[in-house]
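Novice: need a structure here:
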Amino acid sequence: MSWTDERVELLRKLWQDGLSASQIAGELGNGITRNAVIGKVHRLGMSGRVKPPSAATARPRASKPARPPGMLSMRPLTRGNTALAHDLRPMELPRARVEEDVVVPLSDPVTITDLREHMCRWPLGDPTTPEFRFCGARTGETGPYCAGHSRMAYQPMQDRRRDRGLARLA
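Specialist: Below is the predicted model of the structure:
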């Protein structure tokens, strides 16, 4: 495939006439593809052509009817790869649960050099500042954190499953 002067002139003429890249490739023939036409048009700096307004683009679009908040769509999904999808019925989304207030007992925050095995390792503040500390409260058998910080760090399994289900519905 080579771009001769004649082919470039024909390309310019067909492009100005409004033919698509596929149509121009068909006219030029001899191994010139649609992508080759698009590339050449771009390299020649002719890519910015203005289409005349057509009747299809001038039509105003109808707005979608508003759906009540918290309701799923009632329209059945019957096209493409979703043709066999389940028919969704409107349902009320579950309300988000109110988080319980976690009370963390006051302790004397400690630096990393003062931190011991039985102390809470919950970080307090910005690690890049000299005021950065760790909680330092007694941990007992709750892991690396005190009881209050453990409730903040870990969720029971059923709560995580429920939260994941809420995220899918949103």
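
Novice: Please make it C-alpha for all contacts and neighbour counts, starting now.
Specialist: Fine.

Novice: Please enumerate the strands of the protein.
Specialist: Using DSSP state E, the strands of the chain run over 123-124, 133-134.

Novice: And the ones you listed: which comes nearest residue 149?
Specialist: Proximity to residue 149, assessed across those by C-alpha to C-alpha, is greatest for strand 123-124 (10.1 Å).

Novice: What does the pLDDT read for residue 49?
Specialist: The predicted local distance difference test score for residue 49 is 67.

Novice: domain parsing for this protein?
Specialist: Here the domain parsing of the chain from automatic domain parsing is 5-49, 100-155.

Novice: For these, which has the smallest mean pLDDT value?
Specialist: domain 100-155 (a mean of 82).

Novice: want to try JSON lines for the domains of the chain, with mean neighbour count as columns?
Specialist: As requested, the domains of the chain are exported to JSON lines (neighbours: other C-alpha atoms under 10 Å):
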{"stretch": "domain 5-49", "mean neighbour count": "14"}
{"stretch": "domain 100-155", "mean neighbour count": "15"}
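
Novice: hang on, the earlier thing: adding distance to residue 44, write the strands of the chain out as CSV.
Specialist: Shown next, in CSV, are the strands of the chain (distance: least, C-alpha to C-alpha, whole Å):
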stretch, distance to residue 44
strand 123-124, 60
strand 133-134, 63
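
Novice: So for residue 38, which of these sits nearest?
Specialist: Nearest of the strands of the chain to residue 38, taken as C-alpha to C-alpha: strand 123-124 at 57.0 Å.

Novice: Parallel or antiparallel, list what pairs with that closest one.
Specialist: Note on strand 123-124: by DSSP bridges, its sheet partners are strand 133-134 (antiparallel).

Novice: what residues does the strand it pairs with touch?
Specialist: 109-112, 115, 120-125 (C-alpha atoms under 8 Å, 6 or more residues apart in numbering).

Novice: Can you pick out the most distant pair from those?
Specialist: The most widely separated members of the contacts of strand 133-134, counting by C-alpha to C-alpha, are 115 and 125 (15.6 Å).

Novice: Could you verify my assumption that residue 108 touches residue 135?
Specialist: Yes: the criterion here is C-alpha atoms under 8 Å, and residue 108 meets it with residue 135 at 7.0 Å.

Novice: Make sure residue 122 is actually in contact with residue 150.
Specialist: No: using C-alpha under 8 Å, residue 122 is not in contact with residue 150, being 9.1 Å away.

Novice: sorry, back to before: and residue 11, which of the strands of the chain is closest to it?
Specialist: Of all the strands of the chain, strand 123-124 comes closest under C-alpha to C-alpha, at 66.9 Å.

Novice: Quick one: residues in contact with that closest one.
Specialist: So strand 123-124 is in contact with 132-135, going by C-alpha under 8 Å, 6+ apart.

Novice: Understood, closing this out.
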